[in-house]
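1. after the sequence you'll find the predicted model.
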Amino acid sequence: MLEKQIERKLCDEVKNKNGMCLKQTGLAGIPDRLVLLPNGKCAFVELKAPGEKPRKLQQIRMKQLKKLGFKCYVIDGAEQIKPMLEVIADGV
């Protein structure tokens, strides 16, 4: 499965949960998507093709975001989307 296909599935699943899946641009290394769910739940999501890992700058940005208290996830398979969204929605 291509990264683009995983991204499309993520956006569809977020929409099904009455949320928003915003594309991130403007800052190098920032995760691909900002997922916003009802009740003020949010997380940053970096999407990768199966087996790929975040680049060094992406790892640094996610560490910065986590230090600020934001949840960050790396998704490299469509099967990871629903469980991740459940964790975000539950605020775990």
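-> Done, it's in.
2. quick check: phi and psi on residue 31?
-> Phi and psi for residue 31, reported as degrees, to the nearest 10, are phi -60, psi 150.
3. measure it to residue 8 for me?
-> 17 Å (C-beta to C-beta, to the nearest Å). Quick note: C-beta positions are derived from backbone N, CA and C, even for glycine.
4. make sure residue 22 is indeed in a helix.
-> No: Residue 22 is assigned strand when assessed by DSSP: H, G, I helix; E, B strand; the rest coil, not a helix.
5. if the nearest residue to it once chain neighbours are set aside is in a bridge, with which residues?
-> Excluding the flanking residues, the one nearest residue 22 by C-beta to C-beta, 6 or more residues apart in numbering is residue 34, at 4.4 Å. In this entry, residue 34 is beta-bridged to residue 22, residue 44, by DSSP bridges.
6. neighbours of residue 34, how many?
-> Neighbour count for residue 34, taken as other C-beta atoms under 10 Å: 16.
7. so that it lines up with my notes, have the first residue be 2 from now on.
-> Right, with 2 as the first residue, what we last looked at is residue 35.
8. and the pLDDT for it?
-> Note on residue 35: pLDDT of 97.
9. pop out the phi and psi values for residue 38.
-> phi -120, psi 160.
10. OK, contacts around the nearest residue to it once chain neighbours are set aside?
-> Nearest residue to residue 38 in three dimensions, chain neighbours excluded: residue 20, at 4.2 Å (C-beta to C-beta, 6+ apart). Applying C-beta atoms under 8 Å, 6 or more residues apart in numbering to residue 20 gives the contacts 36, 37, 38, 39.
11. how far away is the closest residue to the first one other than its chain neighbours from residue 52?
-> When you say that, I think you mean residue 36. Nearest residue to residue 36, sequence neighbours excluded (C-beta to C-beta, 6+ apart): residue 44, at 5.1 Å. Computed with C-beta to C-beta, the distance linking residue 44 and residue 52 is 22 Å.
12. good, wrapping up.
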